[in-house]
Structures are given as structure tokens and as C-alpha cells.
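Participant: would you be able to build a 3D model of this:
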Amino acid sequence: MVNTNNTSRFCSSELLKARVLARLRDNSGSPVSGEQLSMDCAVSRTAIWKAVHELIQDGYTIAAEKNGYRYIETGADYLFPAEFQESAASIHYTALTASTMDSARTLALKGAVEGTIVIAEEQSAGKGRKNRRWISTKGSLLFTMILRPGVSLLNHYQYTLLCQLALAEALAKYCKTSRIEIKWPNDILIKKDMIKRLVQMIFV
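Facilitator: Okay, the predicted model is just below:
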């Protein structure tokens, strides 16, 4: 079971960054003092300073001013753990990986809990069905979630179907003018264009 000091520090660091980011965004462009952030997050001001500087290194625009830290919205679209707020500790982000499935498999073998997600901006050896090469350019949404369903292998396909249905319903909610279609076994189409392919890897 994964419960090392390094893992605990990673989880605490990412969760703190998520909370600091959310607090700064909630303040609508006005500064928040380090003292106030330390009180809100129940950590030291030094920990806040470190979290802010790590967010800046990640690419967020945060100005350090006399009255505190001010978040500046740039419209950038990030996939960093801090974007997932209270779920940040479950996110493992990397800019480039061979395959998120391979990375998730490695974490699963080390005892990563169900719900752990591996996200990448790009894959150099992405995998499709039947181990076919999957082109994974930057700008795609590339991730793998670890599930430990405890069901018979004969029923594993149900999870792919459930994921398809859930994603199709979510897309239908936000893309009301488009027709959402499910193409079994693992594609979702909007206006006949594929926007998502679900690939399942089983490890016993």
C-alpha cells in the first residue's frame, strides 16, 4: 500500500496549492494577504509562500503586492492538479509520458487507490484498441483512471459502457445544439466527428 512520506508530502502540497488557487480566484482579482491565506488553509505563511511560488512556476500569473497575492486571469487552460481542487491529491500530472495507461498501471501495482488519475499533455506511445498506436498531440484530453471494481472479468465491459453514457450525458448538457452519439465499443461522436475514445486495460 502506498503511504510513504514522499507521497504524503506530494498530496499535501498539491492540495494546498489547489486551496490557495481557489481562494485567490474567489477574490475576483483583489489581493489576499499571506496571513489571511495561512488562516484559511490552516498552514504557516511559509507554506503559503511556497505554494504560491510553485503555482507561478506551473504557469499561473500571480502578482505579489503590498497587500498580498493577486491572481490574474489569463484565459489559459491548465490540467494541473490544482485545477481539481479537493481532488488534487488524486491527480498525477506530467507534460509528456509514453502512455498514461502504462503510468497508471505502474501506480496501481504500487498500491495506488481507486480513483487515482494520470493526466498528460502529450503521449509518445499512446495505445488504442488491440495495442494499436494512438496519436496523442498536445491539446488532447489524455488521462487514465485507476478502478478496482471487484467484478468478474466477464462483466468488465460494463464499465466502458457506463463511462460512455456518463460522458455523453455530460456533453449533451453543455452542447445542447449538437447531436451526441455513442459508437460502441468505445467512441463518442459529436456531429459525426469523434471527440473521445475510451480504451480499457485490465490487469489481474
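Participant: can you give me the strands in the chain?
Facilitator: For the chain, applying DSSP state E gives strands covering 62-65, 68-71, 91-97, 117-127, 133-136, 142-145, 180-183, 187-190, 193-197.
Participant: select, out of these, the one closest to S44.
Facilitator: The closest of those to S44 is strand 68-71. By Cβ to Cβ, the value is 15.1 Å. Backbone N, C-alpha and C define where each C-beta goes, glycine included.
Participant: what residues does the closest one touch?
Facilitator: The contact list for strand 68-71 (Cβ atoms under 8 Å, 6 or more residues apart in numbering) reads 21, 24-25, 27, 29-34, 36-37, 52, 60-63.
Participant: hmm, 10 Å instead?
Facilitator: Strand 68-71 is contacted by residues 20-37, 48-49, 51-52, 55-56, 60-64 when judged by Cβ atoms under 10 Å, 6 or more residues apart in numbering.
Participant: chain center to it: distance?
Facilitator: 24 Å (Cα atoms, centre = their mean, to the nearest Å).
Participant: still on that earlier bit, okay, the strands of the chain, which one's buried deepest?
Facilitator: Greatest average neighbour count among these goes to strand 68-71 (a mean of 21), per mean count of other Cβ atoms under 10 Å.
Participant: pretty sure F143 contacts V118?
Facilitator: Yes. F143 is in contact with V118 according to Cβ atoms under 10 Å; the separation is 6.3 Å.
Participant: could you chop this protein up by domain?
Facilitator: Domain assignment for the chain by automatic domain parsing gives 5-71, 81-197.
Participant: burial measure for R45, as a count.
Facilitator: Here the number of neighbours of R45 (other Cβ atoms under 10 Å) works out to 14.
Participant: picking that back up, a markdown table for the domains of the chain, including mean pLDDT?
Facilitator: Converted to a markdown table, those look like this (pLDDT from 0 to 100):
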| stretch | mean pLDDT |
| --- | --- |
| domain 5-71 | 88 |
| domain 81-197 | 83 |
